[in-house]
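K.L.:
Predicted coordinates and the sequence they were generated for:
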Amino acid sequence: MGNIINFVKKFITNKNTVTIFGIIAGVIVLWVGYNYRVNKAIDPVRVPYAVKSISAATQITKDDIEYIEISRDFLKNINIITDVNKIVGNFVNVGTSIPEGGLFYNNQVVSSDELPDSMFSDLPEGYTSYQLPVTNRTTFGNSIYPGNYIDLYMKANDNGTIVVGKLIGSIKVIGVKDNQNQNVFDASTTRTPAFLVFGVTDEIFHLLKSSEYISGVEIFPVPRGRYYTELEGETTIGSQRLIEYINSRTEEATY
């Protein structure tokens, strides 16, 4: 028994034996490390992709998304979003689009607050924007939407007589904003309307803006039915008496 123990001790302490064990241990470490890196590189990651083409400024829904598995190593080289919670409810950035089967890159997906507001850039030549102050009550519980054609009525006190009539007919709502100038109808938020936005001629802009500075004058929206909007009638100026009332109390500056 003692001979066996002495043999083992000599074998272990032999320089050649130590070298051999060191080489074997090094090979094992290299092999384990290599396999770890290979397995990590080919380990698939579940990544969202677009099941259909999504155009600029379009909100992304869960129905627009399916999943594909991609190797983890491949993801290091591309700047894509892997967390679906950072996609659903956000928008495709202006100036880009996501093709069918395309991945969602970070610079393609933005929140509603980051999305440029294009309603003003789409105004025809000779038109300007006008924001009519409103409340949840005057918009009938926030039931006036962008794209609706409505009328604008005016109420005034004319020497003790309350005058009410149509001031502007068939005017298109191009936006509904809250008091932070954010779009009210973003699907991911609940906001209270503070302004209806219109695109108007200089004549109508002057008329509406002038009315804001006359004490006792109130301009309020009157929604119409679906067919009124579908008709897309020409915007008209209504009661001549109301126009004269506004003009008699204001004066246009000359340059």
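P.N.:
Yep, that arrived. Residues are numbered from 1 along each chain as shown.

K.L.:
how's the chain carved up into domains?
P.N.:
Per automatic domain parsing, the structural domains of the chain span 45-110, 127-248.

K.L.:
How are the helices of this structure distributed by residue range?
P.N.:
Ranges of helices in the chain, per DSSP state H, are 2-13, 15-42, 72-75, 202-211, 226-231, 240-248.

K.L.:
which sections of the stretch 51-200 of the chain are below the confidence cut-off?
P.N.:
Applying pLDDT under 70 to the stretch 51-200 of the chain flags the ranges 57, 95, 113, 115-122, 186-189.

K.L.:
so where do the strands sit in it?
P.N.:
In the stretch 51-200 of the chain, strands defined by DSSP state E, counting those that start in this stretch lie at 65-71, 91-92, 109-110, 127-133, 149-158, 161-177, 195-201, listed in chain order.

K.L.:
Can you tell me the closest non-neighbouring residue to Glu232?
P.N.:
Using Cβ to Cβ, 6 or more residues apart in numbering and skipping the chain neighbours, the partner closest in space to Glu232 is Tyr149 (6.4 Å). The C-beta positions use only the backbone N, C-alpha and C, and glycine is treated the same way.

K.L.:
Which among the strands of the stretch 51-200 of the chain is found nearest to Ile243?
P.N.:
strand 161-177 (7.7 Å; Cβ to Cβ).

K.L.:
from the chain's centre, how far out does that closest one sit?
P.N.:
28 Å (Cα atoms, centre = their mean, to the nearest Å).

K.L.:
could I get it in PDB with only the CA atoms?
P.N.:
Once non-C-alpha atoms are left out, strand 161-177 reads as follows in PDB (Å, rounded to 0.1, in the frame of the first residue of the first chain):
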ATOM      1  CA  THR A 161     -80.900  91.700 -27.600                       C
ATOM      2  CA  ILE A 162     -79.300  88.300 -27.700                       C
ATOM      3  CA  VAL A 163     -78.400  87.500 -31.300                       C
ATOM      4  CA  VAL A 164     -77.600  83.900 -32.300                       C
ATOM      5  CA  GLY A 165     -76.800  82.700 -35.800                       C
ATOM      6  CA  LYS A 166     -74.500  80.800 -38.200                       C
ATOM      7  CA  LEU A 167     -71.300  82.600 -38.700                       C
ATOM      8  CA  ILE A 168     -69.400  80.000 -40.800                       C
ATOM      9  CA  GLY A 169     -70.900  77.100 -42.600                       C
ATOM     10  CA  SER A 170     -69.300  73.700 -43.600                       C
ATOM     11  CA  ILE A 171     -65.800  74.200 -42.200                       C
ATOM     12  CA  LYS A 172     -63.500  71.200 -41.900                       C
ATOM     13  CA  VAL A 173     -61.900  70.300 -38.600                       C
ATOM     14  CA  ILE A 174     -58.200  69.400 -39.300                       C
ATOM     15  CA  GLY A 175     -57.200  68.800 -35.700                       C
ATOM     16  CA  VAL A 176     -58.400  68.500 -32.100                       C
ATOM     17  CA  LYS A 177     -55.800  69.600 -29.500                       C
END
